[in-house]
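Novice: Take a look and give me a structure for this.
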Amino acid sequence: MSSPKPLVSISIPVLNEEGNIARLYARLVAVADQMRDKCDLEFVFSDNHSDDATWKMLGDIALRDPRVRAIRFSKNYGFQRSIMANYLHTRGSAVMQIDADLQDPPEMLDAFFEKWQAGYSVVYGVRKKRKEGWLINNFRRLGYWVIDSLSEHSIPRDVGDFRLVDRKVLEATLKIKTASPYLRGMIAGLGFNQIGIPYERDARIAGESKFNLSRLLRLGLTALFNHSTVPLRVASFVGATILLASLLGAFYYFILKILEPDLPQGLASIHILVLFGIGLNAFLLGIIGEYLLRIYLVLRDEPIATVEHSFNFPPSDIKL
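Specialist: Numbering: from 1, shown residues only. I've put the predicted structure just below:
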C-alpha cells in the first residue's frame, strides 16, 4: 500500500494585487497539475485589507476551487506580519511562501519539493539577478551585507521570503514572540538543514511594488535591531570613547591654564562641546529606545493581525 501524498501549502500575502490574481491562480493550478503525483496543494491567501478588487476576486476563485482558502485582515498589518498570520492558517506538512506579483516563479516548487524530500527543512531561493534599477539593486545588496555582518547568526544574502519550510520549522518559528518579525532572519537563526537554490527574479508585470526605499530601510532596521546587539555595544563603545576624550581634554586645558594664566575663555568651543554632547546622547538614547520599544510591544502581547473575513475556513480554524 503506497503512502499518502503530503499536503503542501502555498502561502501568498496580497495587497492590491487585482492585476496579478488571475495570472497567479492560473500558474498555481498548472503547478498543482504538474505535481499531482507527488503532493496535494492548498493555496492560502492573506489579504492586507486591499481597497481594490483583490478580495472579491479571491472570493470568486474560492467558490469554485476548495483548495483556495483566504483570510482578510481588518487593516494593513504589514508584509512580514501578514506572512506570520498566514503561516498560522496553513495545514501542509511543508509551506511554500511566494509573493503575488509573480516575481518569484511558483514553478520552482518542484525543485524546492525535491530538496525537502531529500531531507532539507528549509529551502530558499537565492536571487542571482533582479530586474530593477541600479540604485535599488545596490541598496538591497548593501543592506544584505550590513545585516548579515552585524547579525548574531548568519543570514543568507540576496534571499527574500521565497522559501519552503517544513512543518517543524514553522512550529518553532511561531513560538518566537515578536511584534516586528523579520522572518528570513528568524528562520535562519533556528538552525535545521537549510539550502539555497539560485534563480533569476522576474520583473513585476502588473501593479506597483509596496517596497520603496523608505520601507526597505525600515525593514532593514527591523532586521538589525531584531538580530543584532552590535548597536548597543557601539553605543557603549562610543560613550566610553567620548568620556575618555573629554577627560583628556579637561586635563589638557587644566595644564594649559596653569602655564598660560591669561588665556581667554573659549565661549564658542564650549557651545560646540555642549551641542555635540546633546546630539551624541540623543543618538545613543535612540538606539536604546529601539530595543526598549521592542520589549514594550512584546509585553503588550497584541495579536499579529485580526481576521475580518474568510473564505473556505470553518470558524474553528480561524486563529486570529
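Novice: what about the closest residue in space to L88 that isn't next to it in sequence, neighbour count?
Specialist: What sits nearest to L88 in space, not counting adjacent residues and going by C-beta to C-beta, 6 or more residues apart in numbering, is K319, at 4.9 Å. C-beta here means a position set from N, CA and C on the backbone, and glycine is covered the same way. Using other C-beta atoms under 10 Å, K319 has 13 neighbouring residues.
Novice: Pull the contacting residues for V68.
Specialist: Y25, E42, F43, F45, L58, I61, A62, F311, N312 (C-beta atoms under 8 Å, 6 or more residues apart in numbering).
Novice: Include pLDDT and secondary structure when you put these into CSV, please.
Specialist: Shown next, in CSV, are the contacts of V68 (pLDDT from 0 to 100; DSSP: H, G, I helix; E, B strand; the rest coil):
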residue, pLDDT, secondary structure
Y25, 96, helix
E42, 97, strand
F43, 97, strand
F45, 97, strand
L58, 97, helix
I61, 97, helix
A62, 97, helix
F311, 96, strand
N312, 96, coil
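Novice: Is it possible to get a markdown table of these that adds distance to D148 and neighbour count?
Specialist: Output for these, formatted as a markdown table (distance: C-beta to C-beta, whole Å; neighbours: other C-beta atoms under 10 Å):
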| residue | distance to D148 | neighbour count |
| --- | --- | --- |
| Y25 | 35 | 19 |
| E42 | 33 | 19 |
| F43 | 32 | 25 |
| F45 | 31 | 29 |
| L58 | 36 | 28 |
| I61 | 38 | 22 |
| A62 | 39 | 19 |
| F311 | 39 | 19 |
| N312 | 39 | 20 |
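Novice: and which of these is nearest P181?
Specialist: F45 (18.9 Å; C-beta to C-beta).
Novice: The closest residue to that closest one other than its chain neighbours: how many residues sit nearby?
Specialist: By the measure of C-beta to C-beta, 6+ apart, the closest residue to F45 outside its immediate chain neighbours is A70, 4.1 Å from it. Close neighbours of A70, defined as other C-beta under 10 Å, add up to 25.
Novice: Now A70: which helix or strand?
Specialist: Assigned by DSSP states H and E, A70 falls within strand 68-73.
Novice: Could you list every helix and strand in contact with whatever helix or strand comes next after that strand?
Specialist: Using DSSP H and E, the helix or strand that follows strand 68-73 in sequence is helix 79-88. Judged by 3 or more C-beta pairs under 8 Å, 6 or more residues apart in numbering; DSSP states H and E, helix 79-88 is in contact with strand 7-14, strand 40-47, strand 68-73, helix 167-174, helix 183-189.
Novice: Report the strands that pair with the helix or strand following helix 79-88, each with its relative direction.
Specialist: Counting by DSSP H and E, the next helix or strand C-terminal to helix 79-88 is strand 94-97. According to DSSP bridges, strand 94-97 has the following sheet partners: strand 7-14 (parallel), strand 159-166 (antiparallel).
Novice: hmm, back to that, and the helices and strands packed on helix 79-88: which comes nearest E208?
Specialist: Closest among the helices and strands packed on helix 79-88, using C-beta to C-beta: strand 7-14, at 13.2 Å.
Novice: hmm, back to that, give me the distance between the residue nearest to L88 and L170.
Specialist: K319 sits 13 Å away from L170, going by C-beta to C-beta, to the nearest Å.
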